[in-house]
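1. Quick one: sequence plus predicted model below, questions after.
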Amino acid sequence: MKISKGQKAPEFSLFDSGKNKVSLADQKGKNIVLLFFPLAFTSVCTKELCNVRDNIAYYNNTNAQVYGISVDSVYSLAKYKEEQNLNFPLLSDFNKEVSAAYGSLMETFAFEMKGVSKRSAFVIDKEGVIQYAEILDNVGELPDFKAIHQTLDNLN
């Protein structure tokens, strides 16, 4: 399914690395940034998520809640979050349903791994509508953080 600006964000409920259930429906009234990433402990994913960690004040100041989402287990994500001192929730899409709903599921990744999240970024406004959508086919590229920030600035 292709996700594009202006459509209602697909609903989801996932467990975070602290084993708490997080639902999009519970986030009404906040801007949401969803960052799908292929795998914890990989170099580009670490660079991406540490960029967010280091700029978390910006997201907080724009009333934006950031979530990192991958197909890793809650246990792997908990260790990764701890090691990288990440200051925002990581959600486990172990069953790959949310990645698929957002058009962000890669058929085949490195080492013939099947069903890994594509590197993708979505900004969802306070009403649950997609205001920014970026799905990268090259996992070595980072999301366009400038465009994400511009979108958040325009929402405030």
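-> That came through fine. Everything quoted here is computed from the prediction, not taken from an experiment.
2. quick one: low-confidence ranges for this structure?
-> Filtered on pLDDT under 70, the chain yields the residue ranges 1, 108-114.
3. what bridges to the residue nearest to the spatial centre of it?
-> What sits nearest the mean C-alpha location of the chain, by CA atoms, centre = their mean, is residue 35, with 2.0 Å. Beta-bridge partners of residue 35, counted by DSSP bridges, are residue 68, residue 121.
4. my guess is it contacts residue 67, does it?
-> Yes - between residue 35 and residue 67 there is a contact at 7.0 Å, judged by CB atoms under 8 Å. Glycine gets a C-beta too; all of them are placed from N, C-alpha and C.
5. overlap in contacts of the two?
-> Shared contacts of residue 35 and residue 67, defined by CB atoms under 8 Å, 6 or more residues apart in numbering, are not found at any residue.
6. Could you check how far residue 53 is from residue 5?
-> Applying CB to CB, to the nearest Å, the value for residue 53 to residue 5 is 26 Å.
7. Tell me which of the two has more neighbours.
-> Using other CB atoms under 10 Å as the criterion, residue 53 and residue 5 rank with residue 53 on top: 17 against 12.
8. Contacts only, for that one.
-> Counting by CB under 8 Å, 6+ apart, residue 53 touches 84-88.
9. Going through those, which ones are buried?
-> 84, 86, 88 (16 or more other CB atoms under 10 Å).
10. Three-state assignment for the last one, please.
-> Three-state call for residue 88 (DSSP: H, G, I helix; E, B strand; the rest coil): coil.
11. Now do the strand or helix carrying residue 99: distance to the chain's middle.
-> Using DSSP states H and E, residue 99 sits in helix 97-101. Centre-to-centre, helix 97-101 and its host chain are 12 Å apart (CA atoms, centre = their mean, to the nearest Å).
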